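Peer 1: Sequence first, predicted model second:
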Amino acid sequence: MASVSQPQFRYTQPPSKVLHLRNLPWECTEEELTELGKPFGRVVNTKCNVGANRNQAFIEFADLNQAIAMISYYASSSEPAQVRGKTVYLQYSNRQEIINNKTTADVAGNVLLVTIDGQDARLVSIDVLHLGCVVFALLFPGKGFFCFDMNVNGSAGSCQGNYLQLQLSASGERAHVFSAFGFVHKITTFEKTAGFQALVQFSGAETATSAKNALDGRIIPRYLLSENIAPCTLRIMYSAHTDLSVKFQSHRSRDYTNPYLSVAPSAIDGSGQFSLVLDGKKLEPESNVLLASIENMQYAVTLDVLHMVFSAFGLVQKIAMFDKNGGVQALIQYPDVQTAVVAKEALEGHCIYDGGFCKLHISYSRHTDLSIKVNNDRSRDYTIPNPAMVNQQPSILGQQSVQTMSPASHEYNGTQYASGLEQPMMPPQPSAGWASGVPAVSQSIPVQMTNHPYMPPTSMPQMTPGMMQMPGHGGVPPSGTVPHGPNQLY
DNA sequence: AGCACA
């Protein structure tokens, strides 16, 4: 009796011209499904990203015999069916046709619906979401290409339902304005019965799509989160919204297009100062110059190390190091406030070296333009090309590199990014610390500080070929006097 | 790794 009732998992399904596929990579496209079925017949419809983990799919053939041919072939083949190198499992679907209900989630728009999974999802601040969206929108605008493994954590049964719904708006059509905060226009967060949610708005569908492709399935980098927050995974879909209504700047909602929007009473601190209190942190007056103090400096932090670390967020124009209160401090100048904000948010409280060494404390300086009298081991003006470096560069090479810099590619910098984008089977290495959703990866999220997540276009004219060879740009960490290179923050 | 459309 008991052995008879196993309706779902029979080995033999009744034949159907619709095939059910599982164990697919979540990046699988409908085109890949069509290619997979094409040798056996005419594929008339496909559906991918099916199921809670979006790793299932359907293929519908024109004729039942074609579906049978495919099942039969792989039943006896020594080579399993594969998509992107991953074995996929085939069976007849228990339905006779694919029903494609194109919902808003399938239609590209300027607004994304982002889900954050994780026990502490509701502790993710709006600033982190903003920063993450901004960084990735800028990193790979128009590049929707990543090969990351499907997020496999959080089954339906174990998920507590902490959802975050983000609305993102992208500004692909204003590609020349690559201000760090030009992409994300608005964010609203809210809680529903299911959990914490938010909406993030981009200015256009292109940038929203870039952000979606870049962020979907990723773990929020640890360096963006406060300590002791459990890993949070993003899932992103398109929203039907096109424009958010943000009434106040607050810890729940932001309108980045309107910095003069009144601040919600709940976000104003007692002194009446024009300072937001967000996520328990006071926002100081922002500046393009950061003041970094280094705590517990067990290892020498050199100018080059600082340059490398801070270059991860944009062009560093000038650095000045000095001693104060028995410790080392440094002023780091970026071309614009936005880049400094991103760098500060990402780096504050983190250590350059493992073991709590060289912990960074960052505040905004009142300086806006540092006066570097002399280039030495404690201060440098990177906007002045180093003559020696320039001489090492044949001028022809410099011209080539300028010519190959297409309009579409000048929003990021660094050869590691460029080459990575050209390789379809790029390993699941988070370029800026955004790990794939695979739990094993989340244990250690490398932050490739030698890279440049964001290179403001305003700085591009100052990028000379010689500067590309400057310390910190070449990606070679200082020699091993430390347990781990500074290209990984802790 | 086991059947979609919130």
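Peer 2: Nice, I can see it.

Peer 1: Going by C-alpha atoms from here, please, whenever you check contacts or count neighbours.
Peer 2: OK.

Peer 1: Which segments of chain A make up each domain?
Peer 2: What the TED database lists as the domains of chain A is A:18-92, A:101-136+A:177-264, A:289-381.

Peer 1: Of those, flag the one that's most buried.
Peer 2: Comparing the domains of chain A by mean neighbour count (mean count of other C-alpha atoms under 10 Å), domain A:101-136+A:177-264 ranks first with a mean of 21.

Peer 1: Comparing the domains of chain A by mean pLDDT, which bottoms out?
Peer 2: Among the domains of chain A, domain A:101-136+A:177-264 carries the lowest mean pLDDT, a mean of 75.

Peer 1: Now for A:V289: which residues touch it?
Peer 2: If you count contacts by C-alpha atoms under 8 Å, 6 or more residues apart in numbering, A:V289 has them with A:331-334, A:337, A:340, A:364-369.

Peer 1: Which one of those residues is nearest to A:F61?
Peer 2: Distance to A:F61 across the contacts of A:V289 (C-alpha to C-alpha) is lowest for A:A340, with 54.3 Å.

Peer 1: got a list of what the closest residue to that closest one other than its chain neighbours touches?
Peer 2: Leaving aside its sequence neighbours, A:A340 sits nearest to A:N288 (C-alpha to C-alpha, 6 or more residues apart in numbering; 5.2 Å). Applying C-alpha under 8 Å, 6+ apart, we find A:N288 in contact with A:333-341, A:364-365, A:368.

Peer 1: Repeat that for A:F40.
Peer 2: The contact partners of A:F40, by C-alpha under 8 Å, 6+ apart, come to A:66-67, A:69-70.

Peer 1: switch to 10 Å and redo it
Peer 2: By C-alpha atoms under 10 Å, 6 or more residues apart in numbering, the contact set of A:F40 is A:61, A:65-71, A:73.

Peer 1: try A:K17
Peer 2: A:43, A:59-68, A:92-98.

Peer 1: Spell out the secondary structure type for the residue lying closest to A:V18 once chain neighbours are set aside.
Peer 2: Leaving aside its sequence neighbours, A:V18 sits nearest to A:E60 (C-alpha to C-alpha, 6+ apart; 4.2 Å). At A:E60 the chain is in strand, as set by DSSP: H, G, I helix; E, B strand; the rest coil.

Peer 1: now swap in A:T34 and tell me
Peer 2: Under three-state DSSP, A:T34 comes out as helix.

Peer 1: Nearest residue to it in space, ignoring adjacent ones along the chain?
Peer 2: Of all residues not flanking A:T34 in the chain, A:V43 sits nearest, at 5.9 Å (C-alpha to C-alpha, 6+ apart).

Peer 1: thought that neighbour was touching A:L64?
Peer 2: No: using C-alpha atoms under 10 Å, A:V43 makes no contact with A:L64, being 11.0 Å away.

Peer 1: what do those two both touch?
Peer 2: Counting by C-alpha under 10 Å, 6+ apart, the shared contacts of A:V43 and A:L64 are A:17-18.

Peer 1: Name the helix or strand for A:I294, please.
Peer 2: Element membership for A:I294 (DSSP states H and E) is strand A:289-295.

Peer 1: next helix or strand past that strand?
Peer 2: Taking DSSP H and E, what comes next after strand A:289-295 is helix A:303-311.

Peer 1: For the stretch 101-250 of chain A, which segments count as helices?
Peer 2: Remark: helices assigned in the stretch 101-250 of chain A by DSSP state H, counting those that start in this stretch are A:126-139, A:205-215.

Peer 1: Keep the contacts of A:F40, but drop any that are not near DNA strand B.
Peer 2: Checked against DNA strand B using C-alpha under 7 Å from any atom of the strand, those give no members in range.

Peer 1: quick one: which of these is nearest A:R84?
Peer 2: Nearest to A:R84 among those, counting by C-alpha to C-alpha, is A:M70 at 18.4 Å.

Peer 1: where's that closest one, which helix or strand?
Peer 2: helix A:64-76.

Peer 1: Give me the contact list for that helix.
Peer 2: For helix A:64-76, the surrounding residues in contact (C-alpha under 10 Å, 6+ apart) are A:15-19, A:36-43, A:59-61, A:77, A:79-81, A:89-92, A:96.

Peer 1: Show me those that map onto helices.
Peer 2: Among those, the residues falling in helices (DSSP state H) are A:36-37.

Peer 1: Which of the contacts of helix A:64-76 fall within strands?
Peer 2: Among these, the ones falling in strands (DSSP state E) are A:18-19, A:43, A:59-61, A:89-92.

Peer 1: just those residues now: which is nearest A:R380?
Peer 2: The shortest approach to A:R380 among the ones in strands among the contacts of helix A:64-76 belongs to A:Y89, at 58.3 Å (C-alpha to C-alpha).
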